[in-house]
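Novice: Turn this into a structure:
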Amino acid sequence: MKNRLTKIALFTSPIIAAYGVAPVFLSKSIEIIPLIIAYLSLSLLIAFFWWLNIVLIGTKLTSINRYTISYLATFISQSTILYFIPKSPDQPNPSDFLLYSVASTIAINTIILVIINSELLRKRKDMAEFEVQNLKLVNLEAQKQVLLQQLQPHFLFNALSTLKSLVTENAEKAEEYVIHLSKFLRYSVHANQNDLVLFEREWQFTLDFLNLQKVRFGEALQWTSSIDQVAHQKLIPVLSLQTVVENAIKHNTFTEKKPLMISIIAKNSVVTVSNAKSPKQIVVKSGIGLKNLIARYSLLTENGLLIEDTEINFTINLKLLDKK
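Specialist: So this is what the prediction gives:
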């Protein structure tokens, strides 16, 4: 802050000094050499005013005390300078000249204080925005941790129950299931390290999740996907796509005769997940899933998540983000 103000002081002191001597220059009442000396002296005086005010903002003084000291010091310094200036016979009325000088000094010091206060306000605004951004990031991390806490215990219970059945019925299929489960858990364990991940990684994680659910539900669960290559290099909130797919499985009833069909399309920086609705009669709502995802998206981008809920279909559009 002080370094910035010092640079502003060095830049503005000559400019303000030029403004101060301009009336004298325009009146042509003084020769060029004395005018230059007056300009340089005024520049140094203004630089002193800057130094004084910069020092004062580094103290613990209240604004009123800081202003009082600032104006008092500028008045004393200007009066002292005027006192030691040699008087000439053709000099204007001393009292009028003193009044003009003091008024000019107050005006210059006021300009300096206005610039300093604007810089202080800018700094406070930047700090406030920085704190707000930090709070957003903390909130985002909290939302993600809540999602992880919901995902792992609930999912592991069903996964281990399914694995237990497979071990006794189909060892080869159980081995394949363990591979998908291992990849799924590895990703979810490291999910707390990032807020955003490549869509390619999130898509593979979601595929592992779908394959695990496929073993559990068989032909009752089906899906189609169309992913363009550009989407793979975009970013997406971690666990977002999996959350949307899990939401479809969780809130619908389906059988092999009437399977749940999930469509996943990634195109033009948007991932669209849709399914035909066949809502369960009784659903235990945790209040975490989509609400969590909506809150996380709102912290990252505007219009990042769009829900279309009709009588027939339920569709969620997730915005893919560019790398920074």
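Novice: pretty sure K280 contacts H251?
Specialist: Yes: under the contact definition of C-beta atoms under 8 Å, K280 touches H251, with a separation of 6.2 Å. Bear in mind the C-beta positions are built from the backbone N, C-alpha and C, glycine included.
Novice: Looking at the two, which one has more neighbours?
Specialist: Per other C-beta atoms under 10 Å, whichever of K280 and H251 has more neighbours is H251, with 17 against 11.
Novice: pLDDT wise, what is the more buried one at?
Specialist: Predicted confidence (pLDDT) for H251: 89.
Novice: what separates it from S118, distance-wise?
Specialist: 54 Å (C-beta to C-beta, to the nearest Å).
Novice: cool, and T59?
Specialist: If you go by C-beta to C-beta, the gap between T59 and S118 works out to 20 Å.
Novice: and what of I69?
Specialist: In this view, I69 and S118 are 20 Å apart by C-beta to C-beta.
Novice: quick one: which of those two has more around it?
Specialist: Counting neighbours by other C-beta under 10 Å for I69 and for S118 shows that I69 has the greater number, 16 against 10.
Novice: Please name the nearest non-neighbouring residue to that one.
Specialist: Leaving aside its chain neighbours, I69 sits nearest to L56 (6.2 Å; criterion: C-beta to C-beta, 6 or more residues apart in numbering).
Novice: How many residues are close by that neighbour?
Specialist: When counting by other C-beta under 10 Å, one arrives at 18 neighbours for L56.
Novice: Wait, a strand at it?
Specialist: No: L56 sits outside any strand when classified using DSSP: H, G, I helix; E, B strand; the rest coil, being helix.
Novice: thinking it is in contact with S70, fair?
Specialist: Yes: between L56 and S70 there is a contact at 6.1 Å, judged by C-beta under 8 Å.
Novice: What strand or helix carries the spatially most central residue of the chain?
Specialist: In the chain, the centroid-proximal residue (C-alpha atoms, centre = their mean) is Q133; its distance is 4.3 Å. In this structure, Q133 sits in helix 94-169 according to DSSP states H and E.
Novice: quick one: contacts of the helix or strand following that helix?
Specialist: Taking DSSP H and E as the definition, the helix or strand that follows helix 94-169 towards the C-terminus is helix 171-190. Applying C-beta atoms under 8 Å, 6 or more residues apart in numbering, the external contacts of helix 171-190 come out as 148, 151-152, 159, 162-163, 166-167, 201, 204-205, 208-209, 211-212, 215, 239.
Novice: let's see it at 10 Å
Specialist: Outside of helix 171-190, the residues within contact range by C-beta atoms under 10 Å, 6 or more residues apart in numbering are 147-148, 151-152, 155-156, 159-160, 162-168, 170, 197, 201-202, 204-216, 238-239, 242.
Novice: Quick one: mean pLDDT for the helix or strand that that helix is followed by?
Specialist: Using DSSP H and E, the helix or strand that follows helix 171-190 towards the C-terminus is strand 196-198. Averaging pLDDT along strand 196-198 gives 90.
Novice: Please shift the residue numbers so they start at 705 in all later answers.
Specialist: With 705 as the first residue, the last one maps to strand 900-902.
Novice: and S973, how many residues sit next to it?
Specialist: By the criterion of other C-beta under 10 Å, S973 has 15 neighbours.
Novice: Quickly note the distance from it to Y891.
Specialist: For S973, the distance to Y891 equals 23 Å [C-beta to C-beta].
Novice: cool, and I737?
Specialist: Distance, I737 to Y891, using C-beta to C-beta: 79 Å.
Novice: Please say which of these two ends up with more neighbours.
Specialist: Neighbour tally, I737 and Y891, criterion other C-beta under 10 Å: the higher count belongs to Y891, 20 against 8.
Novice: Let's see the pLDDT reported for that one.
Specialist: In the prediction, the pLDDT value recorded for Y891 is 81.
Novice: do the same with the one 3 residues further on
Specialist: According to the model's per-residue confidence, H894 sits at a pLDDT of 72.
Novice: Count the residues that sit near it.
Specialist: Neighbouring residues of H894 were enumerated by other C-beta under 10 Å; the total is 12.
Novice: wait, N821 sits on S767?
Specialist: Yes: in this structure, N821 is within contact of S767 by C-beta atoms under 10 Å, at 8.7 Å.
Novice: okay, and the common contacts of those two?
Specialist: I761.
Novice: Which positions in stretch 716-723 come out as buried?
Specialist: T716, S717, I720, A721, Y723 (16 or more other C-beta atoms under 10 Å).
Novice: and if you look at stretch 877-893?
Specialist: Neighbour counts using 16+ other C-beta under 10 Å place A878, Y881, H884, L885, K887, F888, Y891, S892 of stretch 877-893 among the buried residues.
Novice: And stretch 1012-1028, by the same measure?
Specialist: By 16+ other C-beta under 10 Å, the buried positions in stretch 1012-1028 come out as F1018, I1020, N1021, L1022, K1023, L1024, L1025.
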